[in-house]
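# After the sequence you'll find the predicted model.
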Amino acid sequence: MAGLELKSLRKNYGGVEVIKGVDLSIEHGEFVVFVGPSGCGKSTLLRMIAGLEDITGGELRIGDRVVNHVEPRDRGIAMVFQSYALYPHMTVYDNVGFGLKLAKTPKDVRDKKIRDAARILQMEHLLDRKPSQLSGGQRQRVAIGRAIVRQPEVFLFDEPLSNLDAALRVDMRMELSKLHNDLGATMIYVTHDQVEAMTLADKIVVLNAGVVQQVGSPIELYKKPANLFVAGFIGSPKMNFIDVTVQSIDAGTVTIVGKDISPVAIPADASGISVGDTVTLGIRPHELSNASTGSIVGQVMLVERLGNETIVNIALPSGSSWLAVLDGDHRLAIGQSFALAFDANAGIIFDKTGKARHPAG
Amino acid sequence: MAVSSIAGVSDVAAANRPMRSRSPYPGWFFLPAAIIYSVLFLAPTFASLYFSLTRWTLFDSTFIGLDNFVQFFREPFLVQGLVNTVIYAVVTSSLKVVIGMLLAVMLTSQIMARGYLRSVIFFPVLVSTVGVGITFTVLMHPTAGAINQGLALIGIKGPGWLVDPKLALYSVALVDVWKGVGLATVIYIAGLVAIPRDYYEAARIDGATPLQNFFYVTLPLCRPATATVITLSFIGGLRTFDLIWAMTKGGPGFASDTVASVIYKQYQAGFYGLSTAGNVVLFILIAVLVVPLTMFLNRKQGHE
């Protein structure tokens, strides 16, 4: 049984602080995904948990032990690398059993564990091959097998699917999900792909510039992003943003107006916001629909017809462009005028600091 | 049958075409290199094959068949020379592999003055072999040499490095290693830094000790570097001449004679045809030993 507890975890490279005090608690058996753009520190954070990077400050607990200065092999973790790190001179069998061999596990026990892992991952027929004789997906499987045989309490994955093609990635994603259910172990997974994060995670940790932006379930992050960064990062296509002015404030709603939008009352927490302030309105492309009485009117710039849905790129009078995803197939002419409507409950107001002002409750 | 064979031919042609068109340069670009190579290498090689079959005075040659080879193999100290050559090549190349790799491991780890130490270790490679030979002859002098005097200070009576017939060849081999290990180290450093860090990190998570890291990761993954070092130093050892000549001239007696020094002595004595035959023998010896060795070292082992 091992959860993790990160308390004000910090990492400096020389004078540069790359992880700026991360607090996080991970329950046993949870699938946690660290997601963020390149250079946000997600891999560094994972490597700190693995013990491959020193911890500059703060405290890291795995289970009930503080492991800041514990060697990687004694942390009860296993890691799957982006490059898989399979030894080219060893067969799959030897690669999978390498850690057990180092730990001087008796040969028969080792053999059983290797074969068990191979069975779980359906790669028994590959055991005699060298890594160079395997496809990308098979290598991935071997790398996971190497982690499984160690029977770790925590699995760490560093962008394990990024070297695979799109179709294989979808398959492996499902297999990882299944593996998590079967093993019931804690898994921490790093990716920059928000679709991977949304589909795999019990809990997503969004990082930017070494700071945790939000921690929550995928749907929570999608529906109630904490700030502009999370709102823009989670969800595909990206959330639409527009700068607007506060026209009036009532109980539980803020009425906004802008160059591109006629007045709309959006449910929001108005504390600290005054009439006349500039705030940002965010609306997901899927929440927009075409209506002659829409509060936003623009010009169609580009149409992508996918059959089941239509993605429309609309230029607004102020010059900014928005995306709308409409259900079903729509035939639209480039340049035609296009009015957009949305349910006011779907709009999110972000204050000047970028913080989302979700209505109370 | 005919149809299928034609189809086969066109398949082969189709398969070859993209290979050929891949080179952006016309075929005649290789001519300058080919001319230089022919004049400086191929022509002398074939000429030496011919002259090895003649009695040759540099101005005049008479064809005598295989007499030179018969004569060469009758040389009283040739057998010892052959044995010495192989011993010398094996000793120098194995020491260069072991020491070169250990130095490279040290010089790729986080140590102080790493760049400086790398230069220091490479420095002897740049020095003239004859200069090194003369210097070490002085250092290895049985009584006045710095090495034995140094040993005497701690109460050890140093051996006659270059005057003891049992030791002379090995003493020269040690100097050869001192001079050549820098190159082996540089090749190993290049090999070691090319090993992805992930392998070491994966081993670290698996709990590998530094020694296990070395034997399970470093050693197998720098095999291409090992193959290069062994091949280069083994060939170098087989054809060694300058250092032996500068330090012992094959002596004492014929104790440190190698094939190359035996050949040189015959050349000095004016037996040009005979010494050329000796060179052909040396060439064949090197080919017979090195070709299977490199084939063994470079065999595929599942590397990508």
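Received it, and whenever you're ready, just let me know what you need. Residues are numbered from 1 along each chain as shown, chains lettered A, B, ... in the order given.
# Helix, strand or coil: sort out the residue in the stretch 151-300 of chain A that chain B sits nearest to for me.
Residue nearest to chain B within the stretch 151-300 of chain A (Cβ to the nearest Cβ): residue A:156, separated by 8.7 Å. For glycine as for every other residue, the C-beta is placed from the backbone atoms N, C-alpha and C. Counting by DSSP: H, G, I helix; E, B strand; the rest coil, the backbone at residue A:156 sits in strand.
# show me what contacts it?
Taking Cβ atoms under 8 Å, 6 or more residues apart in numbering or on different chains, we find residue A:156 in contact with A:46, A:49-50, A:77-80, A:187-190.
# Just among those residues, which is most surrounded?
Counting neighbours by other Cβ atoms under 10 Å in any protein chain shown, residue A:79 leads the contacts of residue A:156 with 30 neighbours.
# Not counting its neighbours along the chain, what's nearest residue 103?
By default, I'm working from chain A. residue B:207 (6.0 Å; Cβ to Cβ, 6 or more residues apart in numbering or on different chains).
# Actually, chain B is the one I wanted.
Using Cβ to Cβ, 6+ apart, the closest residue to residue B:103 is residue B:185 (4.5 Å).
# and the helix or strand where that neighbour lies, which residues are buried?
If you go by DSSP states H and E, residue B:185 is part of helix B:168-193. For helix B:168-193, a neighbour-count test (16 or more other Cβ atoms under 10 Å in any protein chain shown) marks B:168-177, B:179-189, B:191-192 as buried.
# where's residue B:83 relative to residue A:5, distance?
Taking Cβ to Cβ, to the nearest Å as the criterion, residue B:83 is separated from residue A:5 by 70 Å.
# Kindly report the same for residue B:201.
Using Cβ to Cβ, which is the criterion applied here, residue B:201 is 24 Å from residue A:5.
# cool, residue B:194 as well?
The spacing between residue B:194 and residue A:5, counted by Cβ to Cβ, is 39 Å.
# more neighbours, those two?
Per other Cβ under 10 Å, whichever of residue B:194 and residue A:5 has more neighbours is residue A:5, with 16 against 11.
# got a pLDDT number for the closest residue to that one other than its chain neighbours?
With sequence-adjacent residues excluded and distances taken as Cβ to Cβ, 6+ apart, residue A:5 is closest to residue A:61, at 4.0 Å. At residue A:61, the pLDDT value in this model is 92.
# What helices and strands are in contact with the strand or helix carrying residue A:61?
Using DSSP H and E, residue A:61 falls within strand A:57-62. Secondary-structure packing of strand A:57-62 (3 or more Cβ pairs under 8 Å, 6 or more residues apart in numbering or on different chains; DSSP states H and E): strand A:4-13, strand A:16-26, helix A:42-50.
# Let's see that with 6 Å instead.
For strand A:57-62, the elements it packs on are strand A:4-13, judged by 3 or more Cβ pairs under 6 Å, 6 or more residues apart in numbering or on different chains; DSSP states H and E.
# Just the buried positions in the strand it packs on, please.
A:4-6, A:9-11.
# likewise stretch B:239-257?
For stretch B:239-257, by 16+ other Cβ under 10 Å, it's B:239-248, B:250-251, B:254-257.
# quick one: residue A:148 and residue A:117 touch, right?
Yes: applying Cβ atoms under 6 Å, one finds residue A:148 in contact with residue A:117, separated by 4.4 Å.
# Just the mean pLDDT for stretch A:160-173, thanks.
85.
# check whether that stretch contacts chain B.
No: Stretch A:160-173 is not in contact with chain B by Cβ under 6 Å from any Cβ of the partner chain; minimum separation 12.3 Å.
# hey, where'd the helices end up in the stretch 151-300 of chain A?
Assigned by DSSP state H, counting those that start in this stretch, the stretch 151-300 of chain A shows helices spanning A:166-183, A:194-200, A:218-223, A:228-233.
# From the contact counts, what lies against the helix or strand hosting residue B:102?
According to DSSP H and E, residue B:102 maps onto helix B:78-108. Other elements packing on helix B:78-108 under the criterion 3+ Cβ pairs under 6 Å, 6+ apart are helix B:114-126, helix B:168-193, helix B:223-238, helix B:259-268.
# want to throw the ones you listed into JSON lines with mean pLDDT?
Formatted as JSON lines, the helices and strands packed on helix B:78-108 follow (pLDDT from 0 to 100):
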{"stretch": "helix B:114-126", "mean pLDDT": "89"}
{"stretch": "helix B:168-193", "mean pLDDT": "93"}
{"stretch": "helix B:223-238", "mean pLDDT": "91"}
{"stretch": "helix B:259-268", "mean pLDDT": "86"}
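# can you tell which of the ones you listed is closest to residue A:132?
Comparison of the helices and strands packed on helix B:78-108 against residue A:132 by Cβ to Cβ identifies helix B:223-238 as nearest, at 14.1 Å.
# how distant is the helix or strand following that closest one from the center of its chain?
For helix B:223-238, the succeeding helix or strand toward the C-terminus, using DSSP H and E, is helix B:242-247. Centroid separation for helix B:242-247 versus its chain: 16 Å, with Cα atoms, centre = their mean, to the nearest Å.
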